[in-house]
Every structure is written in structure tokens, then in C-alpha cells.
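**Q** one predicted model, sequence on top.
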Amino acid sequence: MIVIMKPEALAQEIERICKELSNWNVTLEKISGKQKVVIGLVGDTADLEPLQIQQISPFIEQVLRINHPFKRASLQFRHGEPSSVFVETPNGLVAFGQNHPIVQVAGPCSVENEEMIVQTAERVKATGARFLRGGAYKPRTSPYAFQGHGESALDLLFKAREATGLGIVTEVMDTADLHKVALVADIIQIGARNMQNFSLLKKVGALGKPVLLKRGLAATIEDWLMAAEYILAAGNPNVILCERGIRTFDRQYARNTLDLAAIPVLRSLTHLPIMVDPSHGTGRAEYVPAMVMAAIAAGADSIMIEVHPNPKLALSDGPQSLTLERYETLTQEMAVIGKAVGRWSQNLLSTSSLEDISLQQSAPRVASYAAKK
Ligand code: PEP
Ligand code: MN
């Protein structure tokens, strides 16, 4: 349920209403939008009568029920206002969301050695990427396949971060590794296979760092938004959704079916920023560029692309990885579509005000990796 305040409602009156509502066994969340304040009520609201709440104050404009099982993730919860996820990187603040330029994220499937990860980071940075993505812990179908270099790969990601100032996106698979991963990652990735690992979701929720939540292999939109709800309910508002393809009946020519319709569907349901990963979505490097263009045209807020200095020798996901040269030309092609939809910028710093940031980034910042090691 949400309580929408009139624009003229004073802070004092809003506080009074919150106090009154807090007697009703519900959790309150105050969202200060551009025009209005919305008070979200989460919990057992079945017995609450909107009319009864309306009578608490003449400054209440409207009381609405949220008719989805996902509450905090719903667009209604923010009264139709898209949220922004702000991420601090050494190069500056980067904003994800519908009101910001498209954020490029690129890197190899796995971190293989120092030379390849630093070289890749430098090359993708030169094209305008804001984040380097690389796996230290890899979820592989076969237990005999390369599982990632683990902790030593985290050290290499940290070196690449220091060398380039790019933010780091890397996956956590196990709650036991969460703190190690969080020291290096600017955005913690929850992979498709862990999308419904609820204990992991609760833990990344409690941590507060930005989370990239990939869609499960066979997850419905609702399953996915309910997974996001776990993170939001644990107190972390910094969630980015990532469409990475789902299982359909045809796996002969493409690894997955990239569900680009998910972009407008999500837009109608949630305020959360949307990333698209056409690399896992197609499984084939030659199909990636077309899907990147389509994703930008369809309104994606961010694009994640797997690249490798020598895809033929990659320890994982070589067939879907672009060479660095192809990635460079692709970014020029992306710029054409990005400009056409008014979402392309080479400015590193977001134009958003610090006021917006303090609203969103309630997460405590993790001190530097080097200092803690
Ligand atoms: C990855 O990003 O390398 C990965 C394993 O992705 P997903 O979880 O989408 O399969
Ligand atoms: Mn991969």
C-alpha cells in the first residue's frame, strides 16, 4: 500500500503521519520523489482500509493498494518514478537508470591472468566502458570445467581497477565469499543460477552494495522481481536487473532466447534499472552486435558484453566473446543508436544532484581493498 502526500505537505506533518502509521504493524518506507513524498507500507495490509488512512491527514492526496506480490520493486511503490542506482568508481560516480546515459560494462567471462585482465580493462575503458566485468568464481555446468581462479582473481581485478579506475562487476556464488568479493566489487553480481538463492539474496541485501541481479535460466518476470524484492526488503535499494536470456525450446543455434520484450514489460512493472547481456543471451559472438543494438533501441539502461583478447583461447565462454577490436567498432555502432534514443554520453560523471544520491545510496561504503587486506 502507498500513501501519496500532497506536494504542499510539510515534513513535520509527514513525520506525524508516519508515527501514526507505525502503530499498525507495518514497515514504513519514505520515498521522496521530485514532486511528492510517497510513504510505502509493507506487511500485512489486508485489513487496512485506504479510506481510514486517508482520514489521518488532509495532506494525504491518495492511498493506493499495490496489486503485485512484489511491493518495493513495483513501479507503483515509487508512484511511477524510475529509480537510479549510483555507483562510486575511482573514475567518478556512475548512474544507472532510465534518466541517465547508457552504461557500458565489458570484460572477459573469467579473469585468467594479470596481463589479459589489465589489457582488457585498458582497452574497454578507452571505448567509454565504465565497468570491467570479470568472473573470479564461475558457475559452470560441469564440475570438470574451469571454475575460475577464485581469490587470486579478485586480486587481479583489484589491480585492473587501480590501473584504470574502472568499477568492477564480479559474481559471488557462495555466502562464504561475500565479504571478499565485496571488498573488490563495486557491483556484486548474482548469477542466473543463484537468482533464487534466497539466503544469498538476503545477505547481499544486508550488505547494501549495488547488486546486479541476473535473470534465472527459466525465471518468469515475477520470479525475478520477487528475487529483487528479497534484496530490497533486506534494506538495499541498489538493485539493477539483468536480462541474459532464458531457456526456450530451441537451443540448436542460440544458447538462450534473449527476451528483449522483458524491457518494456519491466518498465511497466518496476522502477529498477535494466541491463541487457546479449553475450549469454545468444551464446555466439556473431549474434551479439544485433542484439546490442536492439537492446539499446528497446530502452536498456546498460549493456554488458563479454570480450576477450583472444576468444579462441578463452578458458570460458570463448564462442560468445567479442575480440577487443570488434568491441571497439561495436561501441561506435552503439553510439549511433544510443544518440538516436538520447541516451549516449561520454561524460563520466552523472549530472544527478547529490540530493538524489543520498536518497538512493544508503549503503555503507566498503573501505579500500588494499587497506583491509
Ligand atoms: C556470467 O556472467 O559470466 C555468467 C555466468 O552469467 P549467467 O549467470 O547469466 O549465466
Ligand atoms: Mn560467461
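**A** Right, received. Where do you want to start? Residues are numbered from 1 along each chain as shown. Ligands and ions are numbered 1, 2, ... in the order given.
**Q** wait, a strand at C242?
**A** Yes - per DSSP: H, G, I helix; E, B strand; the rest coil, C242 lies within a strand segment.
**Q** and it, how far from V288?
**A** 15 Å (Cβ to Cβ, to the nearest Å). For every residue, glycine as well, the C-beta is placed using N, CA and C.
**Q** L266 now?
**A** 21 Å.
**Q** quick one, which of the two is more surrounded?
**A** The neighbour comparison of L266 against V288 (other Cβ atoms under 10 Å) goes to V288, with 26 against 23.
**Q** the more buried one belongs to a strand?
**A** No - secondary structure of V288 (three-state DSSP): helix, not part of a strand.
**Q** and it, what pLDDT?
**A** The per-residue pLDDT reported for V288 equals 98.
**Q** quick check: closest non-adjacent residue to it.
**A** The shortest distance from V288 to any non-neighbouring residue, by Cβ to Cβ, 6 or more residues apart in numbering, is to P278 (4.8 Å).
**Q** residue of this protein closest to ligand 1, please.
**A** G191 (3.0 Å; Cβ to the nearest ligand atom).
**Q** ok, now which ones touch that residue?
**A** By Cβ atoms under 8 Å, 6 or more residues apart in numbering, the contact list for G191 reads P139, E171, M173, K214.
**Q** and the helices in the stretch 251-373 of the chain?
**A** For the stretch 251-373 of the chain, applying DSSP state H, counting those that start in this stretch gives helices covering 262-269, 278-282, 288-298, 324-340, 354-360, 369-372.
**Q** re earlier: thought the residue nearest to V288 was touching S302?
**A** No - the criterion here is Cβ atoms under 8 Å, and P278 misses it with S302 at 11.9 Å.
**Q** so where do the strands sit in the stretch 51-200 of the chain?
**A** 60-64, 85-89, 92-96, 103-107, 131-133, 167-171, 187-190 (DSSP state E, counting those that start in this stretch).
**Q** near ligand 2 at all, the shortest one?
**A** Translated: strand 131-133. No - on the criterion Cβ under 5 Å from the ion, strand 131-133 is out of touch with ligand 2, staying 9.2 Å away.
**Q** name the strands paired with that strand and say parallel or antiparallel.
**A** Its sheet considered, strand 131-133 pairs with strand 103-107 (parallel), strand 167-171 (parallel) by DSSP bridges.
**Q** returning to what we had before: quick one, which of the helices of the stretch 251-373 of the chain is nearest to R16?
**A** Evaluated over these, closeness to R16 peaks at helix 354-360, with 21.1 Å, by Cβ to Cβ.
**Q** hey, which helix or strand in the protein has the poorest pLDDT?
**A** helix 354-360 (a mean of 42; mean pLDDT, DSSP states H and E).
**Q** and of the strands of the stretch 51-200 of the chain, who's closest to H179?
**A** The closest of the strands of the stretch 51-200 of the chain to H179 is strand 187-190. By Cβ to Cβ, the value is 10.8 Å.
**Q** what's the mean pLDDT across that closest one?
**A** Mean per-residue pLDDT for strand 187-190: 98.
**Q** this completes my enquiry, with thanks.
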